[in-house]
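*Asks:* Predicted model and sequence below, questions to follow.
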Amino acid sequence: MWALKVALPLPVEPMSYLPPHADLRAEVQGYRVVVPWRGELRVGVVVGREESPQKTFALREALAYLDTRPWLNPSAIEFLQVAARDSFCPVGTLLNDLLPFLEPPLTHRVRLVPGADPAVLPGGLEALAEGWQEAQGLDPKLLDFLREAGVLQEEVAERRTPAQALVVLREPAEGLSEKAKAAWYALRDLRQVESMAALARAAGVGAGVVKGLVEKGYIGFVEVLPVPEATAARALEPLELPLRPVRLQGGRLLERLRALAGLVQEGPALVLFPEVSLLKKCQPFFPEAAVLHGEMKAEERRLVWEKLVQGAARWVLTTYQGLLLPLNWERIVVVEEAAEAYKLPGGSRAFVPRLARLRAQGLGVPIHYCSSVNSLEVWGEPSYLLPPPRPRLHLLDLRQERGWPLTGAAIALLQQVQEKKRQAIVLSARRGYSAVLRCKQCDWKAMCPNCALPLRYHKSGRLGLLQCHQCGHEEKAPELCPGCQSDVFDPRGPGVEWLVEALGRYLPTLPRYRYTAEAKDDLRPLLAGAPGVLVGTTAILRAPVLPELALVLLPYADGFVLESDFRAAERYHRLLWQLADLHPHRRPLLVLQTFEPGHAAHRALQTASPQGFMEVELALRRALGYPPASRMVKLEVAHAKEPVARDAIYQLAHALRASAEPGELLGPAPAPVARLRGQYVFHLLLKSSEERVQALMANLPPVRGARLRIDPDPQSFVGLLED
């Protein structure tokens, strides 16, 4: 007798189940299977099977397979297991990270096994003796009791939920109001919309008008097949490459896309993107490619997956959710491999480019990296260098210039933008009005009660609002200083609101727009070419391109580099190159207000060459033994009580130090933000060769009384949300 090894999307290793008694197929690896789990049904993937005659009496039985084809092939399953070990997490944790759309809604019917005594049915389930009943609404504990007793027969299948869209059903009558006719004609032009609210917004009418059209039968919902988002194809001539280099670097975006097309034109390729916005920007140049990403609905992703499993695809453009696709790739390409968005925020906390390298190794195919500036982790690989763009850089030394947050020189440049009817971007490191609200008399400042961070000041209402951008705590700004009763407050650290206010004061006729992850103004006038200035955070990098962009201003450039992180300078350097390439055809003037005009990243842009900065940064990392000269794992211990967290991290360090070599442990120490969301946080870093890190992690003792998070290959040490 043999049992299934089923990986569930839960933080556990694969579990053993007996195969479904009604389906004894021989080939089971890679199929999705429905199994009972703690009173409910869960969908997992069969990752293997085992001979287990001695313990089959104790195993529970899987209910049904969901597929006629395997969802994963053997190489994908092997990669999943190898990557889980490499990320120091259970297989189920990584499965949930990489396939968040694995589990579909289910139809579930139950009845008493024919011939069984109805007397075994507990109260409330007597109807099961009469025939099939829907399981929804029945007590899961009682069903589990009957399942264990072997008297429950079950039928399970994937429930397909047809997509619905609002469409025109018949011609409008003469008596309809003008608003109703406007909504009807808007729908006719759009062909279909997903909801009544969407039609109301598109037509500029109230929801009641649309509802009336539905009730009168002029428009209505019909079932439709999921339609991929339409993109207009754009011509792209592939760049013929003399070799197939591991890394492609430099050039403008279109030049890199030409090189990418030349790299993947020969065979099936998996192309990974850090963010959906960049994927969508590149998608029109690869019209034949299949697309899979997290902005698609879960059911649509499942349909795309099944379609790809059934037939070969030439290219697949995807985020990390395509790593497990069971196809035979010729090569894997990682676009902008240093992007922080590749770091999975929860669960395994794995870094996707490292997973992609493991995937390529398992398949025995080459991996390539295509970036404006490659990361230090791949810097030593064979490369093909495209000529980098020549940025137009203008540095404003804040030690000499006057004016804050906008210097006089910056205002003069913005006035030129206004006079020439062009567009500008003003980039801030934070949203809100200011980073700190402090008293000029006694230096009191508003602090978050849950985090070791100052509350951000937002100008809202008469006094304003103090808000923590990490835990969400809010309170009204005080009218008088709680410390000395002074009414003289001094905001510090300009945010988006402050910059918008300053622009309104110096350039009142220049239209101003905001763009952050939380608040986005309507940019249609700017996208149509109207003059104006867009003020926002780094979310602007994911915004549509402004057609008349002439100036990019960072009022406090140092705010992007002053972090407790050895990668901060590299990130800042990469940000500047991204800003230099923000427009596909123009070369907007990049203006940096800074206290460090001689920073190495600035010199790299002035010489139009990233090589010097990266070589110096690499030498510094090697001298300190930091990645890529070693592998690093961050152990993070947190607890609501500081002594408990401190004691736990010191016990962990003591246990590891017994087998660690000199220099392999850094810390323990409080995190750069020592208290976050009510938890005191301590860090312990492991830094050594691959083999030594694996050996240390193999001896990792359990942490009792506090929460332990393992962060392999950490990309940031502060761990804050967008500020």
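*Replies:* Here it is on my side, so go on. Because the structure is predicted, anything quoted here is derived from the model rather than measured. Numbering: from 1, shown residues only.
*Asks:* For Pro172, give me its contacts.
*Replies:* Taking Cβ atoms under 8 Å, 6 or more residues apart in numbering, we find Pro172 in contact with Ala180, Lys181, Trp184, Tyr218. Glycine gets a C-beta too; all of them are placed from N, C-alpha and C.
*Asks:* if we go to 6 Å?
*Replies:* Counting by Cβ atoms under 6 Å, 6 or more residues apart in numbering, Pro172 makes contact with Lys181, Trp184, Tyr218.
*Asks:* How about the secondary structure of it?
*Replies:* Counting by DSSP: H, G, I helix; E, B strand; the rest coil, the backbone at Pro172 sits in coil.
*Asks:* Spell out the secondary structure type for the spatially closest residue to it that is not a sequence neighbour.
*Replies:* Leaving aside its sequence neighbours, Pro172 sits nearest to Trp184 (Cβ to Cβ, 6 or more residues apart in numbering; 4.8 Å). Three-state assignment for Trp184 (three-state DSSP): helix.
*Asks:* okay, now the domains of the chain?
*Replies:* 2-158, 170-217, 247-386, 392-431+495-614, 631-712 (automatic domain parsing).
*Asks:* Out of those, which is closest to Arg621?
*Replies:* Arg621 lies closest to domain 247-386 among the domains of the chain, at 6.5 Å (Cβ to Cβ).
*Asks:* Tell me how far the closest one lies from the chain's centre.
*Replies:* Here domain 247-386 is found 15 Å from its chain centre; the criterion is Cα atoms, centre = their mean, to the nearest Å.
*Asks:* mean confidence for it?
*Replies:* Averaging pLDDT along domain 247-386 gives 92.
*Asks:* Stretch 692-705 now?
*Replies:* On average, stretch 692-705 scores 90.
*Asks:* Can you show me the CA trace of that stretch as PDB?
*Replies:* C-alpha atoms of stretch 692-705 as PDB (Å, rounded to 0.1, in the frame of the first residue of the first chain):
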ATOM      1  CA  ARG A 692      28.600  27.500   6.400                       C
ATOM      2  CA  VAL A 693      25.300  29.400   6.400                       C
ATOM      3  CA  GLN A 694      23.500  26.100   5.600                       C
ATOM      4  CA  ALA A 695      25.300  24.400   8.500                       C
ATOM      5  CA  LEU A 696      24.500  27.200  11.000                       C
ATOM      6  CA  MET A 697      20.900  27.300  10.000                       C
ATOM      7  CA  ALA A 698      20.700  23.500  10.300                       C
ATOM      8  CA  ASN A 699      21.600  23.900  14.000                       C
ATOM      9  CA  LEU A 700      19.100  26.700  14.600                       C
ATOM     10  CA  PRO A 701      17.500  26.100  17.900                       C
ATOM     11  CA  PRO A 702      13.700  26.900  18.500                       C
ATOM     12  CA  VAL A 703      12.900  30.300  19.900                       C
ATOM     13  CA  ARG A 704      10.400  30.100  22.700                       C
ATOM     14  CA  GLY A 705       8.200  32.900  23.900                       C
END
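*Asks:* quick revisit: dump the domains of the chain to a markdown table, plus distance to Gln441.
*Replies:* Shown next, in a markdown table, are the domains of the chain (distance: least, Cβ to Cβ, whole Å):
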| stretch | distance to Gln441 |
| --- | --- |
| domain 2-158 | 51 |
| domain 170-217 | 50 |
| domain 247-386 | 40 |
| domain 392-431+495-614 | 21 |
| domain 631-712 | 27 |
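*Asks:* which one of these lies closest to Phe489?
*Replies:* The nearest among those, by Cβ to Cβ, is domain 392-431+495-614 at 13.3 Å.
*Asks:* ends of the closest one, how far apart?
*Replies:* 20 Å (Cα to Cα, to the nearest Å).
*Asks:* what does stretch 539-547 give?
*Replies:* 18 Å.
*Asks:* Measure how far it is from the centre of its chain, please.
*Replies:* On Cα atoms, centre = their mean, the centre of stretch 539-547 falls 18 Å from the chain's centre.
*Asks:* part of a strand, is Leu254?
*Replies:* No - Leu254: not assigned to a strand; according to three-state DSSP it is helix.
*Asks:* tally of neighbours for the nearest residue to it once chain neighbours are set aside?
*Replies:* Among residues not flanking Leu254 along the chain, Pro584 sits closest, at 5.9 Å (Cβ to Cβ, 6+ apart). Neighbour count for Pro584, taken as other Cβ atoms under 10 Å: 11.
*Asks:* Kind regards, and thank you for your time.
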